[in-house]
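Visitor: have a look at this prediction, sequence included:
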2 protein chains.
Amino acid sequence: MITGSELVRGDRTDRNGPFLAREALRLGLEPARIEIVGDREDELEDALQHGLAADLCIVSGGLGPTHDDRTVALVARAAGVPLETDEHLLAEIGDVSRRFAARSGRPYADFEAGVRKQATIPRGALNLGLAGTAPGLVLETSQAVVVVLPGPPAELQRLWPRAIETAPLRRLLADVTPPERRFLRFFGASESVVAKALEAAGGDGDGVEATICARDFEIHLDLLVEPGAGARADQLMRTMLDPLEPYLFAEREASVAELVLDLCRVRGFTLATAESCTGGMVAERVTAVPGSSDVFVGSIVAYADHVKSAELGVARDVLSQHGAVSAETAAAMASGARSRLGADVAVAVTGIAGPGGATQEKPVGLVHLHGETPDGGSGLEFQFPGDRDSIRRRATVTALHLVRRLLTQSRDSPG
Amino acid sequence: MITGSELVRGDRTDRNGPFLAREALRLGLEPARIEIVGDREDELEDALQHGLAADLCIVSGGLGPTHDDRTVALVARAAGVPLETDEHLLAEIGDVSRRFAARSGRPYADFEAGVRKQATIPRGALNLGLAGTAPGLVLETSQAVVVVLPGPPAELQRLWPRAIETAPLRRLLADVTPPERRFLRFFGASESVVAKALEAAGGDGDGVEATICARDFEIHLDLLVEPGAGARADQLMRTMLDPLEPYLFAEREASVAELVLDLCRVRGFTLATAESCTGGMVAERVTAVPGSSDVFVGSIVAYADHVKSAELGVARDVLSQHGAVSAETAAAMASGARSRLGADVAVAVTGIAGPGGATQEKPVGLVHLHGETPDGGSGLEFQFPGDRDSIRRRATVTALHLVRRLLTQSRDSPG
């Protein structure tokens, strides 16, 4: 159950529900429902009543110091236990707030009420530690185990592992067997092609449950394999992969950026990018991977043509004859990035993300990619659908898959 | 109410809930709850019962031809009306399916059952037209108006405007007046400081409803102002902004990247970035704004030190004496970006995003920023909390706000 009026109003998209649902599945629990509730008391109470009927009810958000942060008080009421101020918590939160008051040059008195509120928790609740000045909590009721977590996703994801380690959750999880999970990652095949192949192979069922979803222009097929259904899953995968082999790029949960970095690492290659319409998004994706610095040297984001010439050495007449969005410019950008940045492997992206900048011959969505390695290079031209954001993201993912394909004709091996 | 097991399992993030919530608000309705339900019948029925108690219940998904697409049948049952096969729909869906069968070279017989299922709707339901082979529906019950829409966001957004035009929704909407929305954007003040100022100014209520949320390290305060409460809202804003003035950077829905671009445009300045730990994220945010190309020239993502020297002209002894993560390096990167890329304004980011790369003196989260304009420059040092992703995003937003502050001491004016 996710709280926050900014969520129920659609001002922000919830990330906690999906994270917790995946965690529940991983642990062998079946997520029944994700409820996103504002800060209206009646709605919160109604949702809590419903949640307490489940085995596990995870509540996120509404732990702040202000009056409209009602979660803890309502959990206590719904569970039928009194609220008590925890002296230990009071001291701990007090320390944090005193330090913050000192840093921000404000009197501690401003915080005192909030500190007491946040140190007041349902009787019997276990303290998971503080997120800011709010404690995460685990409370066991007659029916359910209730986990109360902070709203900010990073904080929620930091405290969640501690919740799993508490006795009430360990007892709950002792009764379930986590299913085996298998991952198949495809690029270049549509969701319906993958779905058809699954169907033709016999479909799921008999202890194997499949979810297919298109994510970030890849098709992700996840299999949940119940104990004993391993052979059935093997057979299903063999049969369905036969027609899909060319599109399969991984059998594990790995981003294409991670795969590209791994492939470079194995060969001892360094990597660079040269970007126009993606504006640094390819480099951003690569550097999002921890430890990327041993492979990735940098990027030249050449948005203006004079930067393409000066920093990437794209010849002026290439730009004037073929234009900034052309196979020739993409190739020159890639080789320029390799030589200027001293990288073994480079990928270049130039295109028209729109809404402006289109011409008769070069419509919005036209994107040229070029990848170059010590073994050679390859260019691709695309006409992508969608809006500016979608075109940029699709160009980014496609550029990374181009490098992946250049670095290996065989797909990523399991593990 | 959103249906789909891929959503409740967290395989995919729901986009329909937020869209419909924003639409409801825009029209003057108060979204009470977004429920995300799988395809378990009991959960669906329970959620529908709850939804039918509201004035408006919008259901998305579960309209497909297969047995586990239960939405329409369950809506009929919950509303207490019988299902009837609509001959007109039957013909319409039949045509679509025949064409598809022909294209895909499959016998129409494969589709016949699905066609009949999708042409069978609650008695009295209005047909909004087909999404694929499934009709969107509007059904008026004793209490609620129920709108049934397809799951794919593009299809849902295509049929929704038709739903608004139906008599039942027009009647419903005739009784409400859309509230005025006001936006206050703060940077540098914590959520609780903003909440306190709001409280101290009298808090919301009396026709003014406030939502405060921290988004992307900014604090966004939105006011919903009921008709007639304008003066109350003016007074509330005047009073609360007095202490918050230094942190207020916009009174409209605008990203800091848009504001920076606008500020550059006014002065006729061009913009560049030099990035290490953010790996291109600042450039990516700037170029996400349509039309940024008239201001933004490019970026040098200098991840490796040799790129900092070669491409940004950071002196080797600056790197050896002060290190890559230092005020001196940040300053050199900024001026290097200005001169190399021929930009008037540049901002540089260098830091330790972790998890690796930290030292005794330079822990994970240490970030140096430097902004430079024709009027001068300014550097900032931070010790950011959180994980790699959070540190990189925070550094990116803070870098953009640094440029914004350099370009104007006064805040962005309304409108």
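Guide: Cool, got the structure. Numbering: from 1, shown residues only, chains lettered A, B, ... in the order given.
Visitor: can you name the residues of the stretch 51-200 of chain A sitting close to chain B?
Guide: Residues of the stretch 51-200 of chain A lying close to chain B by Cβ under 8 Å from any Cβ of the partner chain are A:64-67, A:104, A:110, A:114, A:152, A:154. Backbone N, C-alpha and C define where each C-beta goes, glycine included.
Visitor: which of those residues has the most neighbours?
Guide: Within these, neighbour counts (other Cβ atoms under 10 Å in any protein chain shown) peak at A:Gly64, which reaches 23 neighbours.
Visitor: ignoring the adjacent residues along the chain, who's closest to A:Ala302?
Guide: Leaving aside its sequence neighbours, A:Ala302 sits nearest to A:Lys308 (Cβ to Cβ, 6 or more residues apart in numbering or on different chains; 4.2 Å).
Visitor: any idea which element the one you found lies in?
Guide: helix A:305-312 (DSSP states H and E).
Visitor: what about the helices in the stretch 251-400 of chain A?
Guide: In the stretch 251-400 of chain A, the helices defined using DSSP state H, counting those that start in this stretch lie at A:256-267, A:281-287, A:305-312, A:316-322, A:327-341, A:388-407.
Visitor: can you tell me which of the ones you listed is packed in deepest?
Guide: Ranked by mean neighbour count, the helices of the stretch 251-400 of chain A are led by helix A:281-287 with a mean of 30 (mean count of other Cβ atoms under 10 Å in any protein chain shown).
Visitor: quick check, A:Arg22 in a helix?
Guide: Yes. Counting by DSSP: H, G, I helix; E, B strand; the rest coil, A:Arg22 is part of a helix.
Visitor: tell me the phi and psi of A:Leu244?
Guide: When read as degrees, to the nearest 10, the backbone of A:Leu244 gives phi -100, psi -10.
Visitor: correct me if wrong: it contacts A:Ala195.
Guide: No. Using Cβ atoms under 8 Å as the test, A:Leu244 is too far from A:Ala195 to be in contact (10.9 Å).
Visitor: which of these two has more residues huddled nearby?
Guide: A:Leu244 (21 against 15).
Visitor: can you pull the contacts of the more buried one?
Guide: Applying Cβ atoms under 8 Å, 6 or more residues apart in numbering or on different chains, we find A:Leu244 in contact with A:184, A:186, A:189, A:193-194, A:197.
Visitor: coming back round to it: what sits against the residue nearest to A:Ala302?
Guide: Here A:Lys308 is in contact with A:276, A:302, A:314, A:319, A:324, A:329, A:332-333 (Cβ under 8 Å, 6+ apart).
Visitor: how much space separates it from B:Arg340?
Guide: When Cβ to Cβ, to the nearest Å is applied, the distance between A:Lys308 and B:Arg340 equals 13 Å.
Visitor: A:Pro385 too?
Guide: Taking Cβ to Cβ as the measure, A:Pro385 and B:Arg340 are separated by 36 Å.
Visitor: can you give the domain ranges for chain A?
Guide: Domain segmentation of chain A under automatic domain parsing yields A:2-173, A:180-250, A:256-412.
Visitor: mind putting the ones you listed into a markdown table with mean pLDDT?
Guide: Putting the domains of chain A into a markdown table (pLDDT from 0 to 100) gives the following:
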| stretch | mean pLDDT |
| --- | --- |
| domain A:2-173 | 89 |
| domain A:180-250 | 91 |
| domain A:256-412 | 95 |
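Visitor: can you tell me which of those domains is most buried?
Guide: Among these, domain A:256-412 has the highest mean neighbour count (mean count of other Cβ under 10 Å), at a mean of 21.
Visitor: tell me the one of the contacts of A:Lys308 nearest chain B?
Guide: A:Ala302 (5.1 Å; Cβ to the nearest Cβ).
Visitor: surely the closest one meets B:Gly298?
Guide: Yes. Using Cβ under 8 Å, A:Ala302 is in contact with B:Gly298, at 5.1 Å.
Visitor: residues from the stretch 201-350 of chain A in reach of chain B?
Guide: A:211, A:213, A:215, A:220, A:222, A:270, A:273, A:275, A:277-284, A:286-288, A:290-293, A:296-304, A:306-307, A:310-311, A:340-342.
Visitor: ok, 6 Å please
Guide: Counting by Cβ under 6 Å from any Cβ of the partner chain, the stretch 201-350 of chain A comes close to chain B at A:211, A:213, A:279-281, A:283-284, A:287, A:290, A:293, A:296-304, A:307, A:341.
Visitor: straight-line length of stretch A:274-290, end to end?
Guide: In stretch A:274-290, first residue to last residue: 21 Å (Cα to Cα, to the nearest Å).
Visitor: contact partners of it?
Guide: A:257-258, A:261, A:273, A:292, A:296, A:299-302, A:312, A:333, A:337, A:348-351, A:353, A:392, A:395-396, A:399, B:279-281, B:283-284, B:287, B:299, B:301, B:355, B:388 (Cβ atoms under 6 Å, 6 or more residues apart in numbering or on different chains).
Visitor: with stretch A:184-191 instead?
Guide: With contact meaning Cβ under 6 Å, 6+ apart, stretch A:184-191 is reached by A:194, A:214, A:218-221, A:247-250, A:401.
Visitor: that stretch: end-to-end distance?
Guide: 13 Å.
Visitor: how far does it sit from its chain's centre?
Guide: With Cα atoms, centre = their mean, to the nearest Å as the basis, stretch A:184-191 stands 18 Å off its chain's centre.
Visitor: which one among the contacts of stretch A:184-191 gets closest to B:Ala144?
Guide: A:Ala214 (32.8 Å; Cβ to Cβ).
Visitor: ok and the residue in the stretch 51-200 of chain A nearest chain B?
Guide: Across the stretch 51-200 of chain A, the shortest distance to chain B (Cβ to the nearest Cβ) belongs to A:Thr66, at 4.6 Å.
Visitor: quickly find the element holding that residue.
Guide: A:Thr66 belongs to no helix or strand when assigned by DSSP H and E.
Visitor: with adjacent residues omitted, what lies nearest to it?
Guide: Computed as Cβ to Cβ, 6+ apart, the closest residue to A:Thr66 that is not its neighbour in sequence is B:Ala195, at 4.6 Å.
Visitor: hmm, that neighbour is touching A:Pro65, no?
Guide: No. With contact defined as Cβ atoms under 6 Å, B:Ala195 does not count as touching A:Pro65 (7.8 Å).
Visitor: got the contact list for A:Ser192?
Guide: Listed by Cβ under 6 Å, 6+ apart, A:Ser192 has no contact partners.
Visitor: following the helix or strand hosting it in sequence, what is the next regular element?
Guide: Element membership of A:Ser192 [criterion: DSSP H and E] is helix A:191-200. Sequence order places strand A:208-215 as the next helix or strand after helix A:191-200, per DSSP H and E.
Visitor: give the partner strands of the very next helix or strand once past that next one in its sheet and their orientations.
Guide: Next along the chain after strand A:208-215, taking DSSP H and E as the criterion, comes strand A:218-225. Paired strands of strand A:218-225, with direction, are strand A:180-186 (antiparallel), strand A:208-215 (antiparallel) (DSSP bridges).
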